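**Q** prediction below, plus the sequence it came from.
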Amino acid sequence: MAQPVVDEEDYPSWFNDDVFRKARFEGDPRCKRSVIHRLDTTLSLREGHRPKKWGFVIIRTAYGPGSDQKFEHAIEIINNIAQHWAEGEIEGVKSCITRRKETDFLYRDVPVEVDTRPNEEFVRRYENDVVEDPSLENASVAAVREYFKTWIASKGGRSNVGNTRYVACIMLDSETLSQLATAPKGFPHGCDVYSSSYWVKMVDVEPDPDEAVHVRQPEWEQQLKCYGGMPRLAQIQELGGDYVYLLSDAASYTTSIDIQVNGVIGIC
């Protein structure tokens with residue numbers, strides 16, 4: 001597949017402004033924001049068919065009666081992730097400023113409102129690839145993995161370039177669709193995703209049977225061993241958070257809560 005021409009002009013003119021890059025004082029929350037880090041990484045993505053975009057490949061393997069509506073609901077949830085994360089980042093910065101204004105004189109003249117342009121840009125660059133092929137009905141993880149590899153090659157992507165789109169795909173099988181069907185409409189908006197238990201299955205391109213992955217649930221922790229024939233699970237909130245953060249490292253990925261998986265984040 002011929003590679004698309006990278007639009008060198010597709011770069012926000014304000015992105016390197018001092019307001020996002022230089023601290024006015026030590027610990028200034030307005031610079032070095034997490035959304036800037038994620039945009040830096042996204043703008044560096046040049047391989048494959050969606051340069052300077054981030055997102056996931058979503059492969060459907062359930063086509064039975066009633067699955068269409070469940071599938072549409074699941075896609076809506078995944079499509080909402082970027083907006084939800086972006087809004088949360090804004091609220092986090094504003095909350096930090098508000099708290100510190102109460103105790104630190106350096107924050108006396110710092111406005112509570114923050115620049116939302118990076119967040120809007122981050123959401124604008126979120127594009128998923130939805131793959132529907134009835135021949136994949138009830139497909140095994142191994143079959144999905146091979147299909148995914150072929151798909152990557154057809155799009156001119158490479159699984160070793162640190163791009164989530166070509167590192168792992170989301171597998172929407174009947175089990176996943178059934179549990180996501182219980183999520184309220186509009187989820188994750190208006191919901192406390194960090195106390196929820198909704199998840200999707202991630203199938204990585206190159207599984208490593210020697211890697212152990214922790215699954216963090218609201219009130220307990222358990223350890224899973226992920227073998228080549230098993231998908232990894234990823235809770236919905238992680239797709240918009242640490243998973244995106246991991247784009248910056250092409251060799252291995254480490255989440256902020258000390259989970260390391262060779263090649264792809266597993267679970268939080």
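**A** Structure's in. What do you need?
**Q** next, count neighbours for W85.
**A** Residues contacting W85 under the criterion other CB atoms under 10 Å number 24. Where you see a C-beta, it was placed from the backbone N, CA and C, and this is true even at glycine.
**Q** tell me which element it falls in.
**A** helix 67-101 (DSSP states H and E).
**Q** quick check, G157 in a strand?
**A** No: using DSSP: H, G, I helix; E, B strand; the rest coil, the assignment for G157 is coil, not a strand.
**Q** give me the distance between it and Y126.
**A** 17 Å (CB to CB, to the nearest Å).
**Q** now E137
**A** Note on E137: its distance to Y126, by CB to CB, is 28 Å.
**Q** more crowded one of those two?
**A** Higher neighbour count among E137 and Y126: Y126, with 20 against 14, using other CB under 10 Å.
**Q** who's in contact with that one?
**A** K53, W54, G55, I81, A82 (CB atoms under 8 Å, 6 or more residues apart in numbering).
**Q** which phi and psi does the second one have?
**A** Translated: W54. Phi and psi for W54, reported as degrees, to the nearest 10, are phi -120, psi 160.
**Q** go on, the first one?
**A** Backbone geometry at K53, expressed as degrees, to the nearest 10, gives phi -130, psi 150.
**Q** enumerate every residue touching it.
**A** T42, L45, R125, Y126, E127.
**Q** so which of the residues you listed are in strands?
**A** If you go by DSSP state E, the contacts of K53 have nothing in strands.
**Q** which one of those is nearest Y147?
**A** Of all the contacts of K53, E127 has the smallest distance to Y147: 20.2 Å, by CB to CB.
**Q** burial count for that closest one?
**A** Number of residues near E127 (other CB under 10 Å) recorded here: 13.
**Q** now it: how far from S95?
**A** Taking CB to CB, one finds E127 at 29 Å from S95.
**Q** can you pull out the residues in contact with stretch 74-92?
**A** Under CB under 8 Å, 6+ apart, the answer for stretch 74-92 is 33-35, 56, 58, 114, 116, 119-120, 122-123, 126, 128, 130, 170, 172, 176-177, 180-181, 183, 185-189, 193, 198, 200, 236, 239-241, 244.
**Q** do that again at 6 Å, thanks
**A** Stretch 74-92 has contacts (CB atoms under 6 Å, 6 or more residues apart in numbering) with 34-35, 114, 116, 119, 122-123, 126, 172, 177, 180, 187-189, 239-240.
**Q** cool, and stretch 108-123?
**A** With contacts defined as CB under 6 Å, 6+ apart, stretch 108-123 is touched by 12, 35-36, 38-39, 82-83, 86, 90, 93-94, 97-98.
**Q** now a PyMOL select for only the buried ones of the residues you listed.
**A** Per 16 or more other CB atoms under 10 Å, the buried members of these correspond to this PyMOL selection:
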select buried, resi 35+36+38+39+82+83+86+90+93+97
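**Q** CSV please, covering the contacts of stretch 108-123 and showing pLDDT.
**A** Shown next, in CSV, are the contacts of stretch 108-123 (pLDDT from 0 to 100):
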residue, pLDDT
P12, 91
V35, 92
I36, 92
R38, 89
L39, 91
A82, 88
Q83, 89
A86, 91
I90, 94
V93, 93
K94, 94
I97, 91
T98, 93
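**Q** and the contacts of stretch 108-123 as JSON lines, adding distance to I75?
**A** Below are the contacts of stretch 108-123 laid out as JSON lines (distance: CB to CB, whole Å):
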{"residue": "P12", "distance to I75": "28"}
{"residue": "V35", "distance to I75": "24"}
{"residue": "I36", "distance to I75": "28"}
{"residue": "R38", "distance to I75": "22"}
{"residue": "L39", "distance to I75": "24"}
{"residue": "A82", "distance to I75": "13"}
{"residue": "Q83", "distance to I75": "14"}
{"residue": "A86", "distance to I75": "19"}
{"residue": "I90", "distance to I75": "25"}
{"residue": "V93", "distance to I75": "30"}
{"residue": "K94", "distance to I75": "30"}
{"residue": "I97", "distance to I75": "35"}
{"residue": "T98", "distance to I75": "36"}
